[in-house]
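# heads up, no residue letters with this:
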């Protein structure tokens, strides 16, 4: 326990995940290198066959064996801590994060061997924002002064990146054939690859047939060096062509997308609460991922004191931008896809005085229902409205008390024009509207 607390011992098992032709399972490795399956119903055997960084042998129920990680077919990752969000985090250098398939041996000793090339890259995997608002400056704050009692806020944002030394498949060799894989260099992630062609060869390495992949690139290189310049670029698979012996297209599958040219750069702030593109103008000063509808609905004085950067995070139909719309088959037949837009439930809470919420009086004492604040929601999204209020300085009467005043109210769904709750009432010993 002392070693774990000091950081010299990992106190939690790593969970390994594996997928083999539709069979998905997880396991952990004990300190003695024995393996414990976490999916107990799976008829699979997993063995550790080499020391750190480990190699594995998986045997399925039919006796087929799959070897992982041999010949250094392993991916290593290292997080870049040179950013404001992770500057104080402990570094973990060259951690093995993936084990690639080296070979498959059937019960009849037929074998497939997998060969890989290596690439080193750094890519952005996350953008993070955080804001701290305090009612005073505390001793641990950087701007602390012993006489300072003023309000204090700080806003922090950063990109997170990762260094990766990984593999890409170049060849699969069997007893009577081989598959060769050819790639394109891609501009969105520095030094990464896009699959361009798969070529089938006979035992003499003479080409028999091939499959070609065509892409459409949207966006152009930006600024910021290799790490940031590719963020505006996106690739979409345009077609898959099966070539004949004359290297002419014999069968073509083509794909159509919903206005992919309109997508913003990756990590754009034009996102709804679920991360889908919503077309909102959330870039520039005083803009952030903080949902403006939540901030505006907040009654916390500290939040209202500062000019908190916010963004429009409401969902729109633009969430479908870039989504697959149609597949055209070699027979010229087509298959189109229609999607239901994403939705979310918004809860707004209003803590208000009675006079702010109930405004109309008829005949002196009869209270007419007022109108709650309107929550504008796009495309018939369902909204749950929660209304709470308190009337200070009044006590509710007992059953044997004298004169009573009631206010009836109902929580109303303005989007669907229906009542969410039945009529309810609050009783006062004095007229709350005077």
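On my side now, so go ahead. Everything quoted here is computed from the prediction, not taken from an experiment.

# just for the chain, where's the confidence low?
Applying pLDDT under 70 to the chain flags residues 1-10, 40-41, 87-91, 134-153, 295-307, 343-434.

# which SSE is immediately downstream of the top strand by length along the chain?
When the chain is parsed with DSSP state E, its longest strand is strand 111-134. Note on strand 111-134: by DSSP states H and E, the next helix or strand toward the C-terminus is strand 152-173.

# residue boundaries of the strands in the stretch 251-400 of the chain?
Per DSSP state E, counting those that start in this stretch, the stretch 251-400 of the chain carries strands over the ranges 287-291, 310-311, 324-328, 334-336, 346-352, 360-362, 366-368, 383-389.

# contacting residues around the helix or strand harbouring residue 236?
Assessed by DSSP H and E, residue 236 sits inside strand 234-243. With contact meaning CB atoms under 8 Å, 6 or more residues apart in numbering, strand 234-243 is reached by 186, 188, 194, 209-219, 249-255, 257, 260, 263, 266, 322, 330. C-betas here are computed from N, CA, C, even on glycine.

# could you rerun that using 7 Å?
Under the criterion CB atoms under 7 Å, 6 or more residues apart in numbering, residues 186, 188, 194, 209-219, 249-255, 257, 260, 263 lie in contact with strand 234-243.

# weed out the non-buried ones from these.
With burial judged by 16 or more other CB atoms under 10 Å, the buried subset of the contacts of strand 234-243 is 186, 188, 194, 210-213, 218-219, 252, 254-255, 257, 260, 263.

# so of those residues, which ones are in helices?
Among the buried ones among the contacts of strand 234-243, no member is found in helices (DSSP state H).

# can you name the two of these that are farthest apart?
Pairwise distances across the buried ones among the contacts of strand 234-243 peak at 30.8 Å for 210 and 263 (criterion: CB to CB).

# before we move on, back to that, just checking: what are the partner strands of the strand holding residue 236?
Neighbouring strands of strand 234-243 in its sheet, by DSSP bridges, are strand 207-218 (antiparallel), strand 249-257 (antiparallel).

# just want the angle from it to strand 324-328.
Interaxial angle, strand 234-243 versus strand 324-328 (axes from the mean of the first three to the mean of the last three CA atoms, to 10 degrees): 10 degrees.

# list the buried residues of strand 234-243.
234-237, 240-241, 243.

# name the residues that touch the host helix or strand of residue 226?
Assigning secondary structure by DSSP H and E places residue 226 in helix 225-228. Helix 225-228 has contacts (CB under 7 Å, 6+ apart) with 122, 124, 161, 190, 222.

# could you give the bridge partners of the second one?
Bridge pairing for residue 124 (DSSP bridges) gives the partners residue 161.

# what sits against it?
Counting by CB under 7 Å, 6+ apart, residue 124 has contacts 159-161, 227, 267.

# which strands and helices lie in contact with whichever helix or strand residue 25 is part of?
Using DSSP H and E, residue 25 sits in strand 23-29. On a contact count with 3 or more CB pairs under 7 Å, 6 or more residues apart in numbering; DSSP states H and E, strand 23-29 meets strand 16-20, strand 35-37.

# same list (those) but as TSV, adding mean neighbour count and distance to residue 273.
TSV is the format used below for the helices and strands packed on strand 23-29 (neighbours: other CB atoms under 10 Å; distance: least, CB to CB, whole Å):
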stretch	mean neighbour count	distance to residue 273
strand 16-20	14	28
strand 35-37	15	37
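
# neighbours around the residue nearest to residue 93 when sequence neighbours are not counted, how many?
Spatially, and ignoring its direct neighbours in sequence, residue 93 is nearest to residue 78 (5.2 Å; CB to CB, 6 or more residues apart in numbering). Residue 78 has 16 neighbouring residues, counting by other CB atoms under 10 Å.

# please, which helix or strand holds residue 78?
strand 74-80.

# got the angle between that strand and strand 111-134?
10 degrees.

# which outside residues touch strand 74-80?
In contact with strand 74-80 (CB under 7 Å, 6+ apart) are residues 53, 86, 92-100, 122, 161-167.

# derive a ChimeraX selection command for the buried subset of those.
Here is the ChimeraX selection string for the buried members of the contacts of strand 74-80, based on 16+ other CB under 10 Å:
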select :86,97,98,99,100,122,161,164,165,166,167
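
# picking up where we left off before, how about the contacts of residue 124 in a markdown table, adding distance to residue 182?
Listed next are the contacts of residue 124 as a markdown table, based on distance: CB to CB, whole Å:
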| residue | distance to residue 182 |
| --- | --- |
| 159 | 32 |
| 160 | 32 |
| 161 | 28 |
| 227 | 27 |
| 267 | 30 |
